[in-house]
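S.K.: Okay, here's the prediction I keep looking at, along with the sequence it came from:
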Amino acid sequence: MVKGVLLVVDVQNDFCPGGRLAVAGGDEIVPLVNKIARKYPHVVLTQDWHPVGHSSFATQHRGHDPFTQITMPYGPQTLWPDHCIIDSEGATFHKDLDIPHAELIIRKGFRKAIDSYSAFFENDHKTPTGLGGYLKERGFTKVTCVGLAFDYCVRFSAEDARKLGFEVDVIEAATRAIDLEGSVGDTRMSFRERGIVLK
Ligand code: VGL
Ligand code: ZN
């Protein structure tokens, strides 16, 4: 028996137009995400949640611009504008996101020295957030992903869910992409290789 959970990734003000790391059309997915969520008895939300001065912020690396890459002790890291600061308006969910029956909100990226795109593992691909254990302990076998951004947090969450043995699909119409240096094409190819179903 398949037991599914909907994972709604980072539908937060800073990823919507007017936000500090705005994803084009990020706000447009909200009505569809709400509609999809009504069909899922079980929903988990993620919330990007960074302390002031987080190491993924370009402002912490003199001479480095946002949207460029550096090497951190745990591997490559794209630098971003300051965003989703703990307890800020930008870190708040979009005001029209309406999923009162969501059962868990998992926050990620709260350790200053390491970023976390994925809802399951931080960017060292080793430090667990606990979500994998939570979903397995509750008997879920399938994870459906929607949210922001398709080619970063949705991508890494979907890939990690698959690595953990869940059946995984991504509803592309309920996502929007940042689209840096071929990241959308890379994401599609990776999903195909890993058996992650794009719907
Ligand atoms: C995200 C970049 C930095 C995302 C979060 O939600 O895709 N992207 N932090
Ligand atoms: Zn972030």
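M.R.: Done, it's in. Ligands and ions are numbered 1, 2, ... in the order given.
S.K.: check contacts around Arg107.
M.R.: Neighbouring residues of Arg107 by CB atoms under 8 Å, 6 or more residues apart in numbering: Thr46, Gln47, Asp48, Trp49. For glycine as for every other residue, the C-beta is placed from the backbone atoms N, C-alpha and C.
S.K.: so who does the last one touch?
M.R.: When contacts are counted by CB under 8 Å, 6+ apart, Trp49 is found next to Cys84, Ile86, Ala91, Arg107, Lys108, Gly109, Phe110.
S.K.: follow-up on the earlier one: among the contacts of Arg107, name the ones that also lie close to ligand 2.
M.R.: Among the contacts of Arg107, the ones lying near ligand 2 by CB under 5 Å from the ion are Asp48.
S.K.: for ligand 2, what are the nearby residues on the protein?
M.R.: Taking CB under 5 Å from the ion as the criterion, the chain approaches ligand 2 at residues Asp48, Gly109.
S.K.: Determine which residue lies closest to the centroid of the chain.
M.R.: For the chain, Cys153 is the residue whose C-alpha lies nearest the centre (CA atoms, centre = their mean; 2.9 Å).
S.K.: residues contacting it?
M.R.: Listed by CB under 8 Å, 6+ apart, the contact set of Cys153 reads Val9, Asp10, Thr46, Asp48, Tyr117, Ser118, Ala119, Gly147.
S.K.: of all the residues you listed, which comes closest to ligand 1?
M.R.: Comparing those against ligand 1 with CB to the nearest ligand atom places Asp10 closest, at 3.7 Å.
S.K.: can you pull the pLDDT of that closest one?
M.R.: With respect to pLDDT, Asp10 scores 99.
S.K.: what does the one 3 residues further on give?
M.R.: Predicted confidence (pLDDT) for Asn13: 99.
S.K.: okay but it is in contact with Ile85, surely?
M.R.: No: contact criterion CB atoms under 8 Å: Asn13 and Ile85 do not qualify, at 11.1 Å.
S.K.: who has more neighbours, the two?
M.R.: Taking neighbours as other CB atoms under 10 Å, Asn13 and Ile85 compare with Asn13 leading, 22 against 19.
S.K.: OK, contacts around that one?
M.R.: Contact analysis of Asn13 by CB under 8 Å, 6+ apart lists Gly19, Glu89, Gly90, Ala91, Thr92, Phe93, His94.
S.K.: Out of the contacts of Cys153, flag the one nearest to Glu103.
M.R.: Of all the contacts of Cys153, Thr46 has the smallest distance to Glu103: 12.8 Å, by CB to CB.
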